[in-house]
Each structure stands twice: as C-alpha cells, then as structure tokens.
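fold the following, please.
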Amino acid sequence: MELINRTNRLLMPILATLLCVTAAGSLSGSGIAQAGQKNLQVLEQSTASHSCCPRTPQERLLPSNDAQSRENADSDTNADTHIWEWMRDGFAMPRVKQERVRRYLREYTRHPSLLVQVLRRGEPYFYHILKRLEQHSMPAELALLPVIESAFDPFATSPVGAAGIWQFMPATAEDNGLDQNWWYDGRRDIIASTDAAIDYLHRLNEDFDGDWFLTMAAYNAGKARVRQAIRRNREAGKPVDFWHLPLPEETQSYVPRLIALRTIIEHPGDFNVSLPEFPATRYFSSIEIRGQIELAVAARLAGVSLAQLQLLNPGYDRSITPPVKVCTLLVPATTAHSVGDRIAQLPKEQRIRSIRHQIRPGDNLSTIAQRYRTTVSALRRVNRLDGSKIIAGDVLMIPIDEEAQAAAEDRYASLL
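Next up is the predicted model:
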C-alpha cells in the first residue's frame, strides 16, 4: 500500500513470525540453507523484456456484498492437487536477471523455517485468493503479496495504520469500498479485503498498460509516485521500466522480494526449502447470520477454537458480529451447514456472552476486571489489546462471568 516512511515494514515477515504465536505452533530450528550458483541459475533460464506480460481485459470485481455467494458457488479444485502446484500453473510474470532478486533469495533461504512458518500461516487464505486471481485471469504470483505485506497475519497493523493481510491504509480502504466502524474493519475482512486488493491491482494494471512490475510498485508506493519516477526518467532519457526507476528503497525491494518468493515456490528443493503441504481445496465457507452473535459462541457451536474462528473473521474487531439484520460469518468449510442450523436455533439471549463497558476517567483493566468478575487477560483477549493502555470514552467488551457461562452449557450441548 502507499509508502509512508515504513522503512522497517519489509522485515515484518520475520518479525511477525518471531513475535506471533501461530496455529502451526512454535518455531523449530533449521540449518542455514545454501543457495549456490546452481540454484541461482533458476533465475537465468530466460531473460524477458522489462515490461510484464499483458493481461486479458477483465470485468471489474463484483461488490463485496456479493462475495459470499461467489465463494460458496466455487467448486473445489482436485483435493489431490497441492496448493503450490495450482499456484505454479498460474505463474505468469516474466523471469529476470537481477542481483536484487538474488539478494532476497539469499535472505529468504538463510532461515527457511521462518519462511515456512509464514506460508503455513497463509493456509486458510491461499485457496480463496488463488481462486479469485484465477477467475480474473491475474498472475498467481499476486497471492504471495500478503507474505511481504503482513506475513499473512490478519491482525497486523503497521506503525502508520495499514491493516489486514493486504495492509490497506484507512483512506485507500475507503476509496476501495471497505467499511470501517466500531464493530467492523473491512481491511481485515478476508473476503472483502481480498476482493478490494484484487480490484485495486486490476485498475492499477490498466493504468500501467499491463505491466505487473509497475503495478506492484504503485500498490506499494502509490500511483502518483511511480508516474513521477517514470516522467523523471523519460525527461532524462533513461529507461522507464521498474528496474531503472528512482523509487524509494522499500518499493525497489518490493518486486524482487515477490520474484524471489516465486522462484522458491517453483523450485523449493533447489533452495533446501520444504514447503508445507496444503490440498488445493476450500478452507472456509460463508454463512448468513441474522442478528448478533459472539464469535466465542459460534466457535463452540462449530466445534472449533475461538482463535481459529477469529482468524477467519478478523474484521469483527470486538469478536462479535455487528448489530445489523444480516451479516456473514466465515467458518471451516466442513462445518458450514451444521453450524448455520445451530446458530439459527440458538435463542437471542444466549448468543451474546459479553457486555459493553464505556471506559471512564480513572479506569484501568485491573479495576474493570474486578468489577465484572473477569480477568485482565480475558479483557485483553476479547478486545485484542496488546498492552494495558485504555482510553476514556472507548468501549470494552466484557466477557460474562464463569457461572453464567456454565449455566448456558446445557443449551449449547443440546444443539451439538
């Protein structure tokens, strides 16, 4: 997304892996991979022109409110196919001889376990992203952009406020039709943000005459900055392809990082990288929910952990669906039919296990936890707080006490 002095953000894939606890578990040690001259020859199999391959004209994406019907209408790819095979079949960007690409190949393969952890974190999302790219005849390499943008952490927020796996800034999100309010942040919504990112990349690609390298540079630095760099080079009689443009350092590394990732996915054995194995099948489905429901309640009815359901529904900032007549909930594909029926049967009074507390001057998490017979850790978890800082006037979601939770267990059990 637009570059705003984010000089450290390109380290996010490594830092996020070290700092975040993922569903894949803790990091395991790994020896340093050796990417020798033989391996780097992968980059030199062909030398393409600097301009990316032209794209078939496409229709613009449907509005995000049609996303759930399109998602559930998708037929699964063959379960015997791995996600990486499907991705390789869709690679369409040119190969290039560039030292910058070699540099990031060495960086990624120096600590392969870190790269594998980030790729594993993308498991719930790869199928959906690849399906959307395939439907719009766009290069499959773009499915790797969230590795660079957010390390596939849907809760990632940059120091300047970019959020979600595609790292939309608030203003750009608004321009691309992503809603943001107290209950919901479309920048984190997996379906809405993916459709917005693909639509945005589509439009940028049209603006840059089908050149995907310039498209990605504009996605990172902004269209105006890339156009300015092109104009400056043209006036100076210099080449105007991506590799020669005077762009910010982060943007100069953005494309080579993606090409390096593509190269590793194509030839993992050459770089001593063992890719995690995912079948090329749909991970989640979307269901319609009438009325509000807390994600913890939905997770119980779906038979999955709250953490798993939050990873599929990171757009619900309060871990509860908004107070609207109908909204969508992403659930593991295998549970979609049963959990929809269970939620429909659950009485309204048993769908919410939290209350709202408006923070007053002098409040802190400890006193609030005591007042409501809960814990500071529970408040942090439900409200996604990294620390203990709270601001007067904001609202906290307070989980109900354990006695009330236990009283509802029989009702949940009767629906399972």
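
C-alpha only now, for contacts and for neighbours.
OK.

identify the bridge partners of residue 168.
Beta-bridge pairing of residue 168 under DSSP bridges involves residue 163.

that one against residue 162, yeah?
Yes - at 5.0 Å, residue 168 and residue 162 qualify as touching, with contact defined as Cα atoms under 8 Å.

who's more crowded, the two?
Using other Cα atoms under 10 Å, the more surrounded residue of residue 168 and residue 162 is residue 168, with 27 against 23.

measure that one to residue 175 for me?
Per Cα to Cα, to the nearest Å, residue 168 is found 10 Å from residue 175.

again, but for residue 350
Taken as Cα to Cα, the span from residue 350 to residue 175 is 38 Å.

again, but for residue 255
Distance from residue 255 to residue 175, by Cα to Cα: 24 Å.

ok, the closest residue to residue 169 other than its chain neighbours to residue 292 distance?
Leaving aside its chain neighbours, residue 169 sits nearest to residue 162 (4.2 Å; criterion: Cα to Cα, 6 or more residues apart in numbering). Distance of residue 162 to residue 292, given as Cα to Cα: 27 Å.

check residue 92 too.
For residue 92 relative to residue 292 (Cα to Cα), the value is 43 Å.

and for residue 245?
In terms of Cα to Cα, residue 245 sits 50 Å off from residue 292.

so which of those two has more stuff around it?
Neighbours per residue (other Cα under 10 Å) separate residue 245 from residue 292, with residue 245 holding more: 21 against 17.

my guess is that one contacts residue 236, does it?
No - contact criterion Cα under 8 Å: residue 245 and residue 236 do not qualify, at 11.4 Å.

quick one, strands of the stretch 151-300 of the chain?
Per DSSP state E, counting those that start in this stretch, the stretch 151-300 of the chain carries strands over the ranges 284-290.

ok, which stretches of it are helices?
Assigned by DSSP state H, counting those that start in this stretch, the helices in the stretch 151-300 of the chain fall at 170-175, 190-207, 212-221, 223-235, 249-266, 295-302.

list the buried ones in the last one?
Within helix 295-302, the residues that qualify as buried by neighbour count (16 or more other Cα atoms under 10 Å) are 295, 296, 297, 298, 299, 300, 301, 302.

nearest to residue 230, of those?
residue 295 (47.9 Å; Cα to Cα).

how is this structure carved up into domains?
As assigned by automatic domain parsing, the chain contains the domains 9-271, 285-351+408-416, 354-399.

and stretch 244-256, C-alpha only, in PDB?
Output in PDB follows, covering the C-alpha atoms of stretch 244-256 (Å, rounded to 0.1, in the frame of the first residue of the first chain):
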ATOM      1  CA  HIS A 244      15.600   1.700 -13.500                       C
ATOM      2  CA  LEU A 245      13.100   4.000 -11.800                       C
ATOM      3  CA  PRO A 246      14.300   6.200  -8.900                       C
ATOM      4  CA  LEU A 247      11.800   4.800  -6.300                       C
ATOM      5  CA  PRO A 248      12.000   4.600  -2.500                       C
ATOM      6  CA  GLU A 249      14.100   1.800  -1.100                       C
ATOM      7  CA  GLU A 250      11.100  -0.200   0.200                       C
ATOM      8  CA  THR A 251       9.500  -0.100  -3.300                       C
ATOM      9  CA  GLN A 252      12.700  -1.000  -5.000                       C
ATOM     10  CA  SER A 253      12.800  -4.200  -2.900                       C
ATOM     11  CA  TYR A 254       9.100  -5.000  -3.200                       C
ATOM     12  CA  VAL A 255       9.100  -6.600  -6.600                       C
ATOM     13  CA  PRO A 256      12.400  -8.500  -6.200                       C
END
